[in-house]
Every structure is written in structure tokens, then in C-alpha cells.
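Peer 1: no sequence on this one, just coordinates:
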């Protein structure tokens, strides 16, 4: 129980921290990329501005074509950006044929590459290789401004890689810290849980003696005064209390782990048939009958515990089924042996895992009348989980199906 709680705590804590860190890192990476793109667009916007231009001779042969007219380098750009920006401009017709170009501010692009650049620039803006571009419609076709963003893109990639490495390392460190500190964080819960288990076990042992005495006195009293309803009531309540105590002690021991019981190979088919035969009389008294379909299946498990789980499921059906026939089947499903018990019952459609909670009673008046304590199905689930199996209950609104699965 505590191990499972600690495992869940570690997974949840690590999941939350990882989600927050990843959201922050991804947000920073996206913001960095968007900022790079916006800066490139601002430079391109400055390059295509046709007013307040510096004379071309400031930069040597820096003239380029915008809208079919020769213009200089825009004055609106910061001076260092105007000097450092690497770009080229292409005029093309509507079919993508290059009309004119200015390659004076770029060294890596040749005139033979321009057709490929224009062909890939099929939207108003975007990236072609490591170049950010903007396309502007003209009376002859389009003007393309390509800005070299190689350094910025490389810096963005390096930042993403670095942030990914830092994130992974940080998560590993956080995971180690959570694992080391989780035991200390859950220590008060573990101590409380151990005290609770110890109390249940001690109380169970302490109750055995007075229950035995009461039962013996009831037997002696019956011999002296004969049978009567009061003595029968005493004996019945002692029996119920004894069974409840036994189930509570069993659950407490099961919570300590699943390695405290012996296992052996046996016929699950024979065990199921024996349990069904043993409950036929009780079913007859309750106007119920069993319909059994089985396959020849053998499993390696604790036979006594498996028989107990099956018995509790079928006893629950005998008490609460709303149909005369209780259908039981045993079959193989992959690596599991599956026992299903099906009967009519008024349960809301869906899965009902709450039925396996301790002391859960969906209908207090009815369970009180049948003598239930709401702990039998908890025992079933504990036995199934101790064998690395499962116990589930599903309703379609009219029929309820209890399912036990055990590894083969």
C-alpha cells in the first residue's frame, strides 16, 4: 500500500514538474523563434521602404529594385544593421522568371541560384533555406527581398538544443531528489498506516477470545434452556462478527505485500466447479440457479485464496442478483484466465470500482437485510491484485458483470 502510494506520489510530482518545466522551455523557445522572425521582418520592411534613403555611394554599389524603380539603402534602419544585413533582391514576372536582381549585399548567392529561390518562395513571406523573404506584387510581377538569417537561425537552434539538454538534466536531478525525499515526505502517512494495520491485527486477535467465550456460553445456554430465537440471534451475530474480524485481519495482512503466501499449480476449472457446487444449496434457498460454462485451465496461484475470491463473488450474486439465473464462465484471454459472473441488477451504466471499496454499501437497507458488511468484494480485489490480476465490475444498465482475471 505504502509502496504504491509512494510510487504514485513520485509519478505525479515528477509529471507536474516536468509539465511546468517543459511548458516554460517550449514557451521560451517559441518566443525566441518568433522574436527572430519579427526582427527579420522589421529589417525587410526597412529595406523595402522607399522614403528617406541614404545615397547609394555610402555603401558602394548598393542600389536595388523596388517596384521597378532604382532606389538606395533605407535610411530608417539602424546604422549597424544597414552595414551588417546580408540580403539580395529579385524582380520576377508572374511565371517566376527572373527579370532583374541585386546581389551586391550577398556573397553566397549566384545569379544561377535565383530561379530556385523564386520557385520556393510561393507565399507572401516565409523562409527559403536560411533566408527570410518577403514577396511584394508589382505591375510586372513580384519583387522578392531575401534576408540572410543563417546566424540567427543557428543561434536559435543552439538555444533549443541547449535548453533541451538542460531540461533533461534538470528533470533527472529533480527525479532523483523526489525519489530520495518522497520517503521522508510520506513517513507520517506510513507511520499512521502501520499503526492502523497493527491496531486491526491486534484487535482481531483480541476479539477472538471473547467471541469464542460468547459462542461457547450460547451453546451451553442452549443445552440448558433449549433452542430459542434469542440464542439463535446471539450465535448468528457472533458468527457474523467473527467473519468480519477474519476479513479485516486478512485485508490488513494482504496490504503488507503479496509475497507472504505459497503458490502451486492447480486446476482452476475444478476449483470453480467445487465452489459452485458448494453454493448450490444457498442459491436454491434464494430461488437462484447457476449456469456454468468452463474451459480446462490450470494456473499457478494460492488455491485457497482463489477459491475464497470466487466464493465471495458468487455469494454476492446469490444475495443481490435480480435474476433467477446466475451465469458463470471461465475462459482464456491472452495470458490470463478470466472468470465472469453475470446477473441482472439495477446499477447505473458504467464501471463500478467503488463496489470493491471497504465498507461500501450501495443499498444500505438491502445489504443490512442480507447481512453484508461491504467488505467481501474488498477481499476479492486484494486477492486478485496480490496475484498480479484484476477484479472489475461493469454494468450495462440492466446486467452487471463481475470479472476476475488471473495470470496463467
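Peer 2: Looks like it arrived, so ask away. Since we're looking at a predicted model, the values are computed, not measured. Numbering: from 1, shown residues only.

Peer 1: Residue 357 and residue 376, how far apart?
Peer 2: From residue 357 across to residue 376, the span is 12 Å (CB to CB, to the nearest Å). For glycine as for every other residue, the C-beta is placed from the backbone atoms N, C-alpha and C.

Peer 1: who has more neighbours, the two?
Peer 2: residue 376 (21 against 13; other CB atoms under 10 Å).

Peer 1: gap between that one and residue 232?
Peer 2: In terms of CB to CB, residue 376 sits 23 Å off from residue 232.

Peer 1: tell me what the helix or strand harbouring residue 32 is packed against?
Peer 2: Per DSSP states H and E, residue 32 falls inside helix 2-47. For helix 2-47, the elements it packs on are strand 87-92, strand 131-137, strand 142-148, helix 150-185, helix 187-225, judged by 3 or more CB pairs under 8 Å, 6 or more residues apart in numbering; DSSP states H and E.

Peer 1: Counting neighbours, which bits of the fourth one end up buried?
Peer 2: So that's helix 150-185. For helix 150-185, burial by neighbour count (16 or more other CB atoms under 10 Å) applies to 152, 153, 156, 160, 163, 167, 178, 182.

Peer 1: I'd like the helices and strands packed on helix 2-47 as CSV, with mean pLDDT and distance to residue 285 appended.
Peer 2: Shown next, in CSV, are these (pLDDT from 0 to 100; distance: least, CB to CB, whole Å):
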stretch, mean pLDDT, distance to residue 285
strand 87-92, 90, 94
strand 131-137, 92, 85
strand 142-148, 92, 90
helix 150-185, 90, 52
helix 187-225, 76, 23
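
Peer 1: Out of these, which is closest to residue 40?
Peer 2: strand 131-137 (4.0 Å; CB to CB).

Peer 1: quick one: that closest one to chain centroid distance?
Peer 2: 45 Å (CA atoms, centre = their mean, to the nearest Å).

Peer 1: for it, packing partners?
Peer 2: So strand 131-137, by 3+ CB pairs under 8 Å, 6+ apart, packs with helix 2-47, strand 125-128, strand 142-148.

Peer 1: okay, the ones you listed in TSV with distance to residue 408 and mean neighbour count next?
Peer 2: Converted to TSV, the helices and strands packed on strand 131-137 look like this (distance: least, CB to CB, whole Å; neighbours: other CB atoms under 10 Å):
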stretch	distance to residue 408	mean neighbour count
helix 2-47	24	14
strand 125-128	57	15
strand 142-148	66	22
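
Peer 1: List just the one of those that sits closest to residue 400.
Peer 2: helix 2-47 (27.2 Å).

Peer 1: What average pLDDT does stretch 336-344 get?
Peer 2: The predicted model gives stretch 336-344 an average pLDDT of 92.

Peer 1: For that stretch, buried residues please.
Peer 2: Under 16+ other CB under 10 Å, the buried positions of stretch 336-344 are 336, 337, 338, 339, 340, 341, 342, 343.

Peer 1: Hmm, residue 22 is touching residue 167, no?
Peer 2: Yes. Counting by CB atoms under 8 Å, residue 167 is a contact partner of residue 22 at 6.8 Å.

Peer 1: low pLDDT regions in this protein?
Peer 2: 1-2, 49-83, 193, 196-197, 199-202, 204-205, 252-253, 255-260, 359-374 (pLDDT under 70).

Peer 1: Got the domain ranges for it?
Peer 2: 48-148, 187-255, 264-407 (automatic domain parsing).

Peer 1: next one: the second one to chain centre, how far?
Peer 2: Right, the one you point to is domain 187-255. For domain 187-255, the distance to the chain centre is 41 Å (CA atoms, centre = their mean).

Peer 1: just stretch 332-351 next, same as before
Peer 2: 23 Å.

Peer 1: Between the two ends of that stretch, what distance do you get?
Peer 2: From its first residue to its last, stretch 332-351 covers 22 Å (CA to CA, to the nearest Å).
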